[in-house]
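Chemist: Predicted model and sequence follow; I will ask about them next.
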Amino acid sequence: MNPETNLHDDFGPILDGISIPDTVVLPPEVVMLLPWMSLAELKVVIAAVARLMQVGGAEPITLSEFEIMTGLDRKSVLDGIERAVKRGLLISYSIGRDAQEQEIVVFDVYPRFQKQQGGQE
């Protein structure tokens, strides 16, 4: 990173280039859908894929984690998730209730093999 970068300004860090990975981790379906995806939808999908690809990171993501990972506010995260779920890219599921009896919902990538195992959808 450029040492002159102020990490607190709105533009964010300036890099000296990017590392080229040995493999591509962005699913080709996402690239194909780019013309129709909103920025919020793209950000939440990339965040979910990045989480899935982390070592030991195959954990579902909470709304708060999406906010941190994407830099979006909660409304934008919810809008992006709604579009990604409708498009078949993400799934949501309940993992219980908190102390105030609010439902705890988490989100994850919806892999193609999962769709096929479940039969007709």
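Modeler: Received, thanks. Numbering: from 1, shown residues only.

Chemist: ranges for the helices of the chain?
Modeler: With DSSP state H as the criterion, the chain has helices at 28-33, 39-53, 63-70, 74-87, 112-117.

Chemist: Out of the ones you listed, which is the most enclosed?
Modeler: Highest mean neighbour count among these (mean count of other CB atoms under 10 Å): helix 39-53, with a mean of 20. The way it works is simple: take the backbone N, C-alpha and C, and place the C-beta from them, glycine included.

Chemist: If I take that helix and helix 74-87, what angle do their directions form?
Modeler: For helix 39-53 against helix 74-87, the angle by axes from the mean of the first three to the mean of the last three CA atoms, to 10 degrees is 70 degrees.

Chemist: quick one: average confidence on helix 39-53?
Modeler: For helix 39-53, the mean per-residue pLDDT is 91.

Chemist: Show me what that helix is packed against.
Modeler: Contact analysis of helix 39-53 by 3 or more CB pairs under 8 Å, 6 or more residues apart in numbering; DSSP states H and E lists helix 28-33, helix 63-70, helix 74-87, strand 90-97, strand 103-109 as its packing neighbours.

Chemist: Now distance to residue 100 too, for the helices of the chain, in TSV please.
Modeler: Conversion of the helices of the chain to TSV gives the following (distance: least, CB to CB, whole Å):
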stretch	distance to residue 100
helix 28-33	36
helix 39-53	25
helix 63-70	15
helix 74-87	17
helix 112-117	31
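
Chemist: any idea which of the helices and strands packed on helix 39-53 scores lowest on pLDDT?
Modeler: Among the helices and strands packed on helix 39-53, strand 103-109 scores lowest, at a mean of 81.
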